[in-house]
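**Q** Sequence and predicted structure are below.
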Amino acid sequence: MRKLLGWIIVGGVALLMSVIAAAEPLTEAQVKNYIASLAETQALAEQWPTPQTGIDRHRPLVSGVALLSEDSQFYLELSSITQKHHFRNAEH
């Protein structure tokens, strides 16, 4: 039983370390690009009101984008804004 508990603790610590290692800190350029894109994104959101159901309150931006249909006009316009401001995609 003691060995099992030891392996569980080791596994938990390893999992925690992998999560910490996977998270990248934001660069100054990423923050500036986000701020620069904010006005355009807000204007787009006012143009295309989206339903608020199904959005994760802990990750509202990412989950809201994930709910969009990738072939919708809103998603295409949002993607063009994000590319203009040097993001990989709308989720990024």
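**A** Now that the structure is in, tell me what you want to look at.

**Q** Where do the helices of this structure begin and end?
**A** 2-22, 28-47, 60-67, 73-84 (DSSP state H).

**Q** looking only at pLDDT, what's the mean for the shortest one?
**A** Pointing back at helix 60-67 there. In this model, helix 60-67 has a mean pLDDT of 73.

**Q** Which neighbouring elements make contact with that helix?
**A** Other helices and strands packing on helix 60-67, by 3 or more Cβ pairs under 8 Å, 6 or more residues apart in numbering; DSSP states H and E, are absent; none qualifies. C-beta: built from backbone N, CA, C; applies to glycine.

**Q** Can you give me the buried ones in it?
**A** Judged by neighbour count (16 or more other Cβ atoms under 10 Å), helix 60-67 contains these buried residues: 64, 65.

**Q** Next, the angle helix 28-47 makes with it.
**A** For helix 60-67 against helix 28-47, the angle by axes from the mean of the first three to the mean of the last three Cα atoms, to 10 degrees is 60 degrees.
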